[in-house]
Each structure stands twice: as C-alpha cells, then as structure tokens.
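K.L.:
3D, please:
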Amino acid sequence: MATMPSGPQGARKKHLRVDTFVAAPEQHISVEAHELKQAIKNRLELEDRVVFDDLCKLMDGVANFDFIDLKERMKENFLPFACGARNSIYLQRSSKNLPTTPMLDHQEDEFIADVYEVLRASHYTLLTKDEWDLATSENFNLNLPMTVNWEHMDDQLLKKFWASSNERKAIRMNLPDCMADRILVFHRGMGIEKLSGLLIDQKLDLLMDYTIFYLLDKVKQPVMDLVKKYVLPYIQKKKKPEEEAAEAAAAAEAEAIHRVLSGVSLDGAAMGQYKFEGNTMIGSKHKFARAVERKTLARQCPTLTTLLKAFPKTMELQEPTFKDIVVVYRRALPPRKPPTAAANAPNKSKDERMKGILQHRNINIKVFGETPMADVEMIFPDKKVGIKPFQLVNLMVTVITALVTGALVLWKAGSDINMNIVWTAASLVLTRCFTVYNTAQMQRTMLQQQMTSTLYDKMQDSQEGVVSVIMEEMADQQLKQMLLAYMLLVIKDRALLQDDLDNACEDFLYKEFDHPIDYDVVAALPRLKRWGLVKTNQQGKLEPLPMPQAIAYLESAWSTAYKVIGSEAASVKTVDMITGDFSVFGAGIDRYVRSQEQAAAAAEAEASKRGFFSSSKAATNISSVGSGITGGVAAGFGKAKAILPFGSGGGKSPVNVTGGVPEAIDGSNSTGTPDGTAMLASPAAAAAAVAADTSRAGTSSKGGASTADLVP
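P.N.:
Numbering: from 1, shown residues only. All right, here's what the predicted structure looks like:
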C-alpha cells in the first residue's frame, strides 16, 4: 500500500512553482480479466487448471451477481433526473401520481452517495485544492484566457451531500471552494501529453509577460501598498456582531471536524495530502510512484534573452494528463414559480407538469479521457473565453497611436481644419481598432471550435451509459482484486501477512504485465473472508481455502442466492455492498457451513453408538461430507451440476439447506423428487448417502455415473 506523505495542510503554497509532479501509482488494475486469468493459470499445475477454470466461472458470476441490487437501484434512481436533463418524458404507470419533493430528495441523495462510493471503489479520487492550483497555474493547448462560469451549475445538490457526515465535511474542506458545492470532479490515472512546434503565439504571450506586464507589476505594487495603508482603513466597514458570531461558529465547526477525524484514515488523495520539496510536488512515497516533469515554455525560456533566442526554434512542451475524468453536476435553472390560477396549471397535461418538475432536478454525469492537467477547465459545462494579452496590448497600442496620429493631423491643419479631415482621421482610427478587435474575436472563435472538437474526441460517455459503465467496471475491478489475492495465496502454498500479500500482488502484475500499481489488498479481503475463501490464522496470517472446497462453498451459495436478491438491499449501506461486508451469497455460504458441521456432528454421534469399528467407518463418512462433494470437482462441477445454472442435470429440484435439514427449493421436505431421485431428509442420512455414494463410485467407474447426486 502507498504511504502518503505527512505534513501540515498549511504547507501548500498557492502560487508555488512546481516543475516535477510525483503522482501516486494507480490502484486500478488495467489488465484485462482474461489476460490476468491466463497469467495465473500458467503458474498452476496441469491438474489444477481445470479446477481453476471452474473457479473463475463461479467467481465471475458471483462478483457481478453480488452487485445486482446496487446496479438496479442506481439505474432506477437516476432515470427521472436523466429525463429532466434531456427534457424528455419520464414514463411511469398512469395510475401513479406526480413524484413528491421528499421522494425526489431521497432518490437524488441516494444516487449521489452511490456514485460517490462506486467511483471510489473503482479507485477514482476527487480533484483537490493542490491539484486545482497546479492545473490553473499553467496553460498548454488552450492558450487564451479562460474562466469557468460557476453560476451555470447548481450549488444546492452537493451542499446536502457534504453536510450528511463529518467525514464528508472534512473532505469538502480540502476541495476547491469554487467547485466543491457545484460539481464533483473525479480523476484516475496519470499520463503524459506532448506538444511541439514553433509556438509563436505562446512565445508572444510570454514576451508580453517579460516586458509590459512585468513593468506594470512593478508599478502596481507600490500603488497597492499606498491604497492599503491610506485608503482601505477609511472605506472598510466594521463587521456586525452577528457576522463575527457566524464566522466564529464556522471556525469552531471546522475545528470540531478536524478533532473528530484526527485519527480516522480517509482516502489520501481525496484529502489533499501532498508534500512540497523545493519545486517538486510529492503525492506518494510508493515504490511505483511516477514522476512527471512539467516542460512549459516559461521553464525552457526563463529569461527574456533565452526567449528571444528561442523564437526561430522548434520547442517541445510536456504536461501530465488525467487518464480518466468523471464529472457530476446539476445545471442551474431559475427557481420554479408555484402554480397559480393565472399560470393555467390545471390545463397542463401530466407529462408537461412532470417535465417541468424534473427539468429543475436534472443531474448530468459525463466521462472524459486523457485531459491535460493545465487544460482541465475545458471539461466544465460553461466557459468564458477572453482576449489574449498580446491582442489586448496590440489593441491598446493601436488606439493610442491612432488617436495621437489624428490629433497631429488636426493640429497641423490648424485654422484650415474641415470636416473631411476630421472624418478621415476618425475613420483611420476606427478602421484600425476594428481590425485588431476582429482579429481577437476570430481567435476566440477558433479556440471555441478547437475546444468543441477536443471535447468531442475526449468525452467517452454520458448519462445512463456512464452509470452502467462505472458499475460494470467496479464489479470487474472487484473480481480481479479478489482473484489475484486468493490465487497468489494458493500458489504460494503458505500463509502470508497482509503486507506480504500486497507486495506479492504488486510484483506479480509488474513482472507479468509491466504494470506498476499500488495494489489495494484492503479492498480485496473483506469479500473473500465473507465468502470463507480466506481466513486469518492465530498468527495473524492469511490462509486460503483449497480450490475444490472453495468451489463447493460458492456452488452452495449460488444455488439459493436468487432468493435474497432485493430482500435486504434497501437497508444496507452502499459501502458495505461494495467492500463485501454485506453479500447476497453470505447467507447461502453460512447455511452450507452449518449443514456440514451438523452432518458431521450427527454422523459422529451415530458412530459412537456402534462402537469402535463403526466409529472408524463413520470418520470416513464424516470426511466424505466435507470432501466427497468436491472429489469430482477437478473434472468440472461434479455432482452439483444437476442443480446449478452451470450444470446440465435432468430436472432435479435444488436443495436449500435451512437449519441443517436439506429442503427442496419449493419448500417440501420430501425424500423423493419428480424424477425418482432420492432427496436427503436429515444430516445423518446425508452422511450415510455420501458414504454409500462414494462406495458406488468406486465400484461403478466402468459402468457409468451414480443415479443419485449429492446435494449440499
């Protein structure tokens, strides 16, 4: 795991020059699942590879099936707000009334919380103050002044979200104030983008910085000092007592949040934990941390002399990029007016009133790829583009020159002045000013067209497509994390400490795929432990369940998991669903383990009544209860095929083990099935049947399979 650098938040300097950015390594496993499976399979013995294939099928199905409640809930909650964003009709049963305000409030709060947790589970992090300051301190492709129109985005939706818990309040304090309540900006991964050419426009802008604006700064500073000293004390109003009390309350609340969370481990990147060493901004000390040098024109031409020498030369710029960016926001609209008789609201159709309600509740979610950090402003929905400094200076010089020239013409004319001379001078001034202004407007139009084209290329998906993609990606990520952790424990064939397993997974990905990441072992273990595939021994080390036994666990849970879909999802926290603390397969596995323990106890009790010889025989039967089911798994799913979706058995009713007594899914405890196959009615009978079936398997290997399949 990465170790985030410690240090006070006050160490951040807003205008600090950063030449090198040391980014934390990705936690996202970018390797395709089938490639990861093949790499693991190549390290197994030949006889274990078939078992591994079966395990992969089960884990893949289980990992996706475990999130079906969350996926359906997110889609259902988002649909009305997506219809509002595109101003389309939200279809529902005609008997249903219009959605109420409390209902919509609950849906949007739940959706925003779900998106937040799903993106964090997919290893996205929020754009922090440090990263925003770093991004806005430079320009890259977009070299015109640009400001984001924050008023375009509503600020009420996210205020409720941040105020919902102390942890979120603390995270909110480390986000840029300009965007924290208006838009969520998640990013993942770090890349590099290069730009080469003569870059004449950028060089002219830098020339203005080194000459005219440098002189203006020199003059502005003494003037500002005089204003602060002699003018501001007289025009500043004294704060009212209630304003001072409000500020004191806000400061006390912030201090309380920091005090409560002082010992809580939060998302490092989301909390803005960066450290500055000289001109280097360090985000991680991990062994795979990636350093990206920022090569801008100002760094390559730090003085006026070097800039003038570089004018005829080709330059190459380099900028770090965000590989993936997800934004979530609500477009601001004028407040809705309450319905009145004059508004003729009763005459509007239900669909028209529905569209009016949901349009003000719109939620937009979009995904962008490979965005240069210095150009991150272009992902926001509304921007204002200004005039380049060079064009502004050119316009000012033109106006002054034209005015001076006109004045000289009029002065030389003296008493012979007439209107023709005046109109001629004025037309020259206006023509020149219009030419310069028109050139500046053309550059603005060209930049807007460039941004539109760039955004078209970089935007990968939006709205419902994003919701489906992030859910599938999160489930795929969970599968790869769990499979890698479990199989490396199996391959190592010994118990490992958690940190040792973390390092083993990182080394495996680096050696097999040249993929240096910060593997998140903490995210992989809860579900593995909940399913019983990994346990912690007395020494605090992690031990894996053997693969055949793991398959038996998952098979037993899979056969009854559909019964609990949706039954508890409404009362379960999203984070518990994602981490695995809650799993729809957990109850099935628990029942399976209890049935095995009860069957073993019953068989042992029966054996004790028969004496020493029977006890020895019963011990074999007890062992068969735990391993007989999985004895044939090495060649496939074995006896469970007849009742599982992966099997092809002929019409048996699957068994649901409740309270240790095998029970048919239809609720009957009958010992027979429609096809005449015996069903087990007690743990003792289960143990006896296992022993008998094992005996038949030994004598009928040439004559075909047994007619009775064992069901756990």
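K.L.:
what's stretch 144-162 in contact with?
P.N.:
With C-beta atoms under 8 Å, 6 or more residues apart in numbering as the test, stretch 144-162 has contacts from 108-109, 112-113, 116, 168-169, 171-172, 178-184, 329-333, 363, 377-378, 380-389, 443-444, 447. Where you see a C-beta, it was placed from the backbone N, CA and C, and this is true even at glycine.
K.L.:
one more time with 7 Å
P.N.:
The contact list for stretch 144-162 (C-beta atoms under 7 Å, 6 or more residues apart in numbering) reads 108-109, 112-113, 168-169, 172, 178-179, 181-184, 329-332, 377, 380-386, 388, 443-444, 447.
K.L.:
cool, stretch 496-516 as well?
P.N.:
With C-beta under 7 Å, 6+ apart as the contact definition, stretch 496-516 has outside contacts at 1, 25, 29-31, 39, 288, 484-485, 488-489, 492, 517, 519, 521, 540-542.
K.L.:
can I get that stretch in PDB, CA atoms only?
P.N.:
Below are the C-alpha coordinates for stretch 496-516, written out as PDB (Å, rounded to 0.1, in the frame of the first residue of the first chain):
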ATOM      1  CA  LEU A 496       1.100 -14.700   4.300                       C
ATOM      2  CA  LEU A 497       0.900 -11.500   6.200                       C
ATOM      3  CA  GLN A 498      -1.400  -8.900   4.600                       C
ATOM      4  CA  ASP A 499       1.500  -6.600   3.600                       C
ATOM      5  CA  ASP A 500       3.400  -9.600   2.100                       C
ATOM      6  CA  LEU A 501       0.300 -10.500   0.000                       C
ATOM      7  CA  ASP A 502       0.000  -6.900  -1.100                       C
ATOM      8  CA  ASN A 503       3.700  -6.800  -2.200                       C
ATOM      9  CA  ALA A 504       3.300 -10.200  -3.900                       C
ATOM     10  CA  CYS A 505       0.300  -9.000  -6.000                       C
ATOM     11  CA  GLU A 506       2.200  -5.800  -7.000                       C
ATOM     12  CA  ASP A 507       5.300  -7.800  -8.000                       C
ATOM     13  CA  PHE A 508       3.200 -10.300 -10.000                       C
ATOM     14  CA  LEU A 509       1.500  -7.500 -12.000                       C
ATOM     15  CA  TYR A 510       4.800  -5.800 -12.600                       C
ATOM     16  CA  LYS A 511       6.600  -8.900 -13.700                       C
ATOM     17  CA  GLU A 512       3.800 -10.400 -15.900                       C
ATOM     18  CA  PHE A 513       2.500  -7.200 -17.400                       C
ATOM     19  CA  ASP A 514       4.900  -4.400 -16.700                       C
ATOM     20  CA  HIS A 515       2.000  -2.800 -14.800                       C
ATOM     21  CA  PRO A 516       3.300  -0.900 -11.700                       C
END
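K.L.:
average pLDDT across that stretch?
P.N.:
What stretch 496-516 shows for mean pLDDT is 93.
K.L.:
repeat that for stretch 283-295.
P.N.:
For stretch 283-295, mean pLDDT rounds to 86.
K.L.:
buried set for the longest helix anywhere in the chain?
P.N.:
Ranked by residue count, the top helix of the chain under DSSP state H comes out as helix 419-458. Under the neighbour-count criterion of 16 or more other C-beta atoms under 10 Å, helix 419-458 has 425, 429, 432-433, 436-437, 440, 443-444, 447, 451, 454, 458 buried.
K.L.:
which one in the residues you listed is the model shakiest on?
P.N.:
Among the buried residues of helix 419-458, Ala425 has the weakest pLDDT, 70.
K.L.:
could you flag which of the contacts of stretch 496-516 are buried?
P.N.:
1, 25, 29, 31, 39, 288, 484-485, 488-489, 517, 519, 521, 541-542.
K.L.:
farthest-apart pair in these, please.
P.N.:
Within the buried ones among the contacts of stretch 496-516, Val31 and Lys541 form the most distant pair, 26.7 Å apart (C-beta to C-beta).
K.L.:
got a list of what the residue nearest to the spatial centre of the chain touches?
P.N.:
What sits nearest the mean C-alpha location of the chain, by C-alpha atoms, centre = their mean, is Leu119, with 2.2 Å. Going by C-beta under 7 Å, 6+ apart, Leu119 touches 186, 326, 470.
K.L.:
quick one, what contacts the residue nearest to the first one when sequence neighbours are not counted?
P.N.:
Just to be clear, that refers to Phe186. Closest residue in space to Phe186, ignoring its immediate chain neighbours: Tyr124 at 3.8 Å, by C-beta to C-beta, 6 or more residues apart in numbering. Each residue near Tyr124 by C-beta under 7 Å, 6+ apart is listed here: 186-188, 326.
K.L.:
try Thr371
P.N.:
321-322, 325, 379, 458.
K.L.:
what's the helix or strand for it?
P.N.:
In the assignment (DSSP states H and E), Thr371 maps to strand 364-372.
K.L.:
show me what that strand pairs with in its sheet, parallel or antiparallel.
P.N.:
In the sheet, strand 364-372 lines up against strand 315-329 (antiparallel), strand 459-462 (antiparallel) (DSSP bridges).
K.L.:
now those strands as JSON lines including mean pLDDT and distance to Gln92?
P.N.:
Output for the strands paired with strand 364-372, formatted as JSON lines (pLDDT from 0 to 100; distance: least, C-beta to C-beta, whole Å):
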{"stretch": "strand 315-329", "mean pLDDT": "92", "distance to Gln92": "24"}
{"stretch": "strand 459-462", "mean pLDDT": "86", "distance to Gln92": "23"}
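K.L.:
deepest-packed of those strands, please.
P.N.:
Compared across the strands paired with strand 364-372, strand 315-329 shows the largest average neighbour count, a mean of 21 (mean count of other C-beta atoms under 10 Å).
K.L.:
picking up where we left off before, list the ones among the contacts of stretch 144-162 that fall in helices.
P.N.:
Going by DSSP H, the helices hold 108-109, 112-113, 168-169, 172, 443-444, 447 from the contacts of stretch 144-162.
K.L.:
narrow those residues to just the buried residues.
P.N.:
108, 112-113, 168-169, 172, 443-444, 447.
K.L.:
please name the nearest non-neighbouring residue to Leu184.
P.N.:
The shortest distance from Leu184 to any non-neighbouring residue, by C-beta to C-beta, 6+ apart, is to Val328 (4.3 Å).
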